[in-house]
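Peer 1: For reference, the sequence and a predicted model appear below.
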Amino acid sequence: MSEQEHAVTEEFERTPVPNSALKGPGKFWGMYAGEHAAGTEFMIGPLFLLSGVALKDIFLGLLVGNLLAVLCWRYVCAPIAVRARMTLYYHLEKIAGGGLVKFYNLANGVLFCFLAGAMITVSATAVGIPFNIEMPTIESVYPNNAAFVIIVLLVGAVIAMVAAKGYDLVARFANVASPWMVLVFLACGFVALKQIGAANWEGLNTIWNESITIAQEGKNQSTMGFWSVALFAWFCNSAMHIGMADLSVFRYARKPSSGWAAAGGMYVGHYMAWIAAAFMLAAQIQATGDSNPVPGPMAANVAGLAGIVCVVVAGWTTANPTIYRAGLAFQAMIPGSSRTAMTLVAGIVATVAGVFPAFAWKLLGFVGFYGTVLAPMGAVIFADWYFAKKAGFMPFAAEGRRSSFNLAVAFAWLIPVSIATYLIKVEGIASWFCILPCWIATAILHVIFSKIFHKPATA
């Protein structure tokens, strides 16, 4: 088999990506725009409104936070990905050891499945509209009817099969869908503004505050300010950029500059689409008094059939690459297993999670928590790559010592994450405030513990 034929049929889970399989920047711009102008946007924008965020804090906070996220993709993740050309899981296995990475991969894969499950829920809320199916509400934890469960199972099956076909089909699907979805999101935002009926910024701000008051049943209390919005925008995808999950994506890039492609997702999706979706809920509240941010009906009220189709496709374009990543995580747990089979397993787990709407309704807290758990392991990769020689410890220590469990990594990761989990679950601190301190602490502790446990290799 030629190298070119090999590149077509293999995903290079345990080998560096060869030159014949490298992709130009266009593949990444389309994929990021499609993934991030997608299902989560229909939920996160409205959740800002329900949290009582001031309108100016949304515009300014997202401007700053998304810029910081793009810089992390470009200067933290992409350079290592292009030089090493390995998946996150294989790279981490060389540092942490197969035993520890299996534990990490399990957490990684399951959390990604839950995120994908939330997006399957989002798509199902649109698929069910033509059948006049009762939708779950913001208070729903469990499905409220059998028909909704059947739709979730069907949507999840289609998404899993697409993801199982591999990176090329995932990227192709995103490239085809993303330009259309972006236009629909933009149109939905403008139609919602027209429905709101504000003539200027002052009028829009007044109606926005009225919508918060109606949604909160007269309270008008804010649980998020400028810094909360900025930090959430920066770190809602922290597992992908500073957490290095997108090593698995950018290992196909010819140059680190492909990392700028993340801007297509951040400013089209996490800026324009979040704001458009928030306006859609405000328009719904003003028209009907209904503050349930169920994506399907909300989009249908604004854009009709185009809105329904957009919700369906948007859920797919988030769930597809997320299930693909989860499949890689599960495949890395069982060396020699089929990536296709493991991706289908991930699809099954995600579909089961999608049956429970609570994963979608609690999306702000969930994405912050999974970033808190997963992103610090990216700090291990970062510190090992840049500081091993400078600090005087062995890089890729597990591979060098043929160890299956690197204690230095275990301590560096679990100590900060355990403290952060206590602060989030017991003290009630917003999870997105814990991610950066956790990441920095893990990097420092990895250097310290590695100097203790792993002396540099001799010539």
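Peer 2: Perfect, thanks for sending it.

Peer 1: Ramachandran angles for the residue nearest to Ala147 when sequence neighbours are not counted?
Peer 2: With CB to CB, 6 or more residues apart in numbering as the criterion, Ala147 has its nearest non-adjacent residue at 4.7 Å, and that residue is Ile133. Using the backbone N, CA and C atoms, a C-beta is placed for each residue, glycine as well. Torsion angles at Ile133 (phi, psi; degrees, to the nearest 10) stand at phi -90, psi 140.

Peer 1: Number of residues surrounding Ile133?
Peer 2: Counted with other CB atoms under 10 Å, residues neighbouring Ile133 total 18.

Peer 1: give the contact list for it.
Peer 2: By CB atoms under 8 Å, 6 or more residues apart in numbering, the contact list for Ile133 reads 145, 147-148, 151.

Peer 1: gap between Phe366 and Ala341?
Peer 2: Phe366 sits 27 Å away from Ala341, going by CB to CB, to the nearest Å.

Peer 1: When those two are compared, which one has more neighbours?
Peer 2: Each of Phe366 and Ala341 has its neighbours counted (other CB under 10 Å); Phe366 has more, 19 against 14.

Peer 1: can you pull the contacts of the more buried one?
Peer 2: Going by CB under 8 Å, 6+ apart, Phe366 touches 114-115, 118, 359.

Peer 1: Sitting in helices, which of those do you find?
Peer 2: In this view, those that belong to helices under DSSP state H are 114-115, 118, 359.

Peer 1: any low-confidence regions in this protein?
Peer 2: The chain contains residues with pLDDT under 70 at 1-11, 34, 166-178, 456-459.

Peer 1: How is the most centrally placed residue in it assigned, secondary-structure-wise?
Peer 2: Among the residues of the chain, Asn237 comes closest to the average C-alpha position under CA atoms, centre = their mean, at 4.8 Å. Secondary structure assignment for Asn237 (DSSP: H, G, I helix; E, B strand; the rest coil): coil.

Peer 1: what's the nearest residue to it if we skip its chain neighbours?
Peer 2: Nearest residue to Asn237, sequence neighbours excluded (CB to CB, 6+ apart): Ala69, at 6.2 Å.

Peer 1: one step back: and the residue nearest to Ala147, how far is that from Val294?
Peer 2: Here the criterion is CB to CB. By it, Ile133 lies 11 Å from Val294.

Peer 1: thinking again about what came up before, please identify the helix or strand for the residue nearest to Asn237.
Peer 2: Here Ala69, judged by DSSP states H and E, is contained in helix 55-72.

Peer 1: Can you give the distance of the very next helix or strand once past that helix from its chain's centre?
Peer 2: Downstream of helix 55-72, the next assigned helix or strand under DSSP H and E is helix 78-84. Relative to the centre of its chain, helix 78-84 is centred 20 Å away, using CA atoms, centre = their mean, to the nearest Å.

Peer 1: The helix or strand just after helix 78-84 packs against which elements?
Peer 2: Downstream of helix 78-84, the first helix or strand assigned by DSSP H and E is helix 88-96. Counting contacts by 3 or more CB pairs under 8 Å, 6 or more residues apart in numbering; DSSP states H and E, helix 88-96 packs against helix 98-127, helix 247-250, helix 295-333, helix 363-391, helix 397-401, helix 407-425.

Peer 1: Let's see that with 7 Å instead.
Peer 2: Helix 88-96 is packed against helix 98-127, helix 247-250, helix 295-333, helix 363-391, helix 397-401, with contacts defined by 3 or more CB pairs under 7 Å, 6 or more residues apart in numbering; DSSP states H and E.

Peer 1: now the angle between helix 295-333 and that helix, please.
Peer 2: Interaxial angle of helix 88-96 relative to helix 295-333 (axes from the mean of the first three to the mean of the last three CA atoms, to 10 degrees): 40 degrees.

Peer 1: what residues does stretch 433-449 touch?
Peer 2: Outside stretch 433-449, the residues that touch it by CB atoms under 7 Å, 6 or more residues apart in numbering are 231, 235, 238, 242, 371-372, 375-376, 379-380, 382-384, 387, 391, 408-409, 411-413, 415-417, 420, 423-424.

Peer 1: Can you tell me which of those are buried?
Peer 2: Buried by 16 or more other CB atoms under 10 Å: 231, 235, 238, 242, 371-372, 375-376, 379-380, 382-384, 387, 408-409, 411-413, 415-417, 420, 423-424, out of the contacts of stretch 433-449.

Peer 1: give me the element Ala198 is part of.
Peer 2: Using DSSP H and E, no helix or strand contains Ala198.

Peer 1: what sits against it?
Peer 2: Going by CB under 7 Å, 6+ apart, Ala198 touches 204, 207.

Peer 1: Distance-wise, check it relative to Ser222.
Peer 2: Taking CB to CB as the measure, Ala198 falls 20 Å from Ser222.

Peer 1: And for Ser140?
Peer 2: Note on Ser140: its distance to Ser222, by CB to CB, is 25 Å.

Peer 1: what's the neighbour count on Glu217?
Peer 2: Using other CB under 10 Å, Glu217 has 8 other residues around it.

Peer 1: sec struct for it, please.
Peer 2: coil.

Peer 1: Look up phi and psi at it.
Peer 2: The phi and psi values for Glu217, taken as degrees, to the nearest 10, are phi 60, psi 50.

Peer 1: before we move on, what about the one 3 residues further on?
Peer 2: Main-chain dihedrals, Asn220, degrees, to the nearest 10: phi 50, psi 60.

Peer 1: Likewise for Lys23?
Peer 2: According to degrees, to the nearest 10, Lys23 has phi -130, psi 150.

Peer 1: Could you number the chain from 40 rather than 1 from now on?
Peer 2: Will do, 40 is the new start, and the previous item becomes Lys62.
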